[in-house]
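Participant: structure for the following, please:
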Amino acid sequence: MPDTTDRLLDAILPHVPFDGWTETAFRAALAEAGVDPVVGRGLVPRGALDLAVAYHRRGDAAMVQALSAADLEGMRFRDKVAHAVRLRLEQAGDREVVRRGTTLFSLPHHAPEGARLLWGTADAIWTALGDTADDVNWYTKRATLSGVYGATVLYWLGDDLPDHADTWAFLDRRIADVMQIEKAKAQLRDNRVLGTLPAGPLKLMERIRPPAAQRRDDLPGGRPLA
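Facilitator: Predicted coordinates:
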């Protein structure tokens, strides 16, 4: 049986394409889910905004589940990343709901929350694919993939082809760009070994570590859900 927050989320979704992630939609969800407004505010203090966050995270969880069941044997790593992003988009649901969320999180006062969600999606993908980076690469991988995912979502929202073929082609090009960045990073490391680059700054970067497991909320653009 779904918990109360899930019930509110399910109840608000039919209203979002018309009213957006707004107070109007939230009040309609409270009424339709039969949730006392005081209880609802206790669970999601920011109302529709918190439900928009929950909707995004629900998509991340569905993507991770689908990825764990996928047969990735024999796939190049770049193809695994592209497949994960594609799975995430396929779990996104109603495009108008996503469009409304994109609009919401593009507002200046909600942009940090949107950045946190993109980072969380990238982190979920890298973690599901077994990323073991424990240095600055932990950050650069997630920052780069956040950009890829965000750009691909925007392209997907405007792609009217039934099979979204143009979106997948766009995604492949963006992943190819990422691979070029990784290649350049490898060349920088090789140049350092050859002594053609200053060792100091690169040595300092090697000291950077990802946040400790118990502090996973402490991510760029993030803050605990109120």
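Participant: list the contacts for Val148?
Facilitator: Shown in contact with Val148 (C-beta atoms under 8 Å, 6 or more residues apart in numbering): Val85, Leu171, Arg174, Ile175, Asp177, Val178. For the C-beta atoms, the positions are set from N, CA and C on the backbone; glycine is no exception.
Participant: the same query, at a cut-off of 7 Å, please.
Facilitator: Val85, Arg174, Ile175, Val178 (C-beta atoms under 7 Å, 6 or more residues apart in numbering).
Participant: most neighbours of all these, which one?
Facilitator: Val85 (24 neighbours; other C-beta atoms under 10 Å).
Participant: closest one of the contacts of Val148 to Met63?
Facilitator: Val85 (8.8 Å; C-beta to C-beta).
Participant: and what about the closest one, helix, strand or coil?
Facilitator: helix (DSSP: H, G, I helix; E, B strand; the rest coil).
Participant: pretty sure it contacts Leu171?
Facilitator: Yes. Assessed by C-beta atoms under 7 Å, Val85 is found in contact with Leu171 at 5.9 Å.
Participant: pipe the contacts of Val148 into TSV and attach pLDDT per row.
Facilitator: Listed next are the contacts of Val148 as TSV, based on pLDDT from 0 to 100:
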residue	pLDDT
Val85	95
Arg174	88
Ile175	89
Val178	76
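Participant: which one of those is nearest to Asp3?
Facilitator: When the contacts of Val148 are compared against Asp3 (criterion: C-beta to C-beta), the nearest one is Val85, at 28.8 Å.
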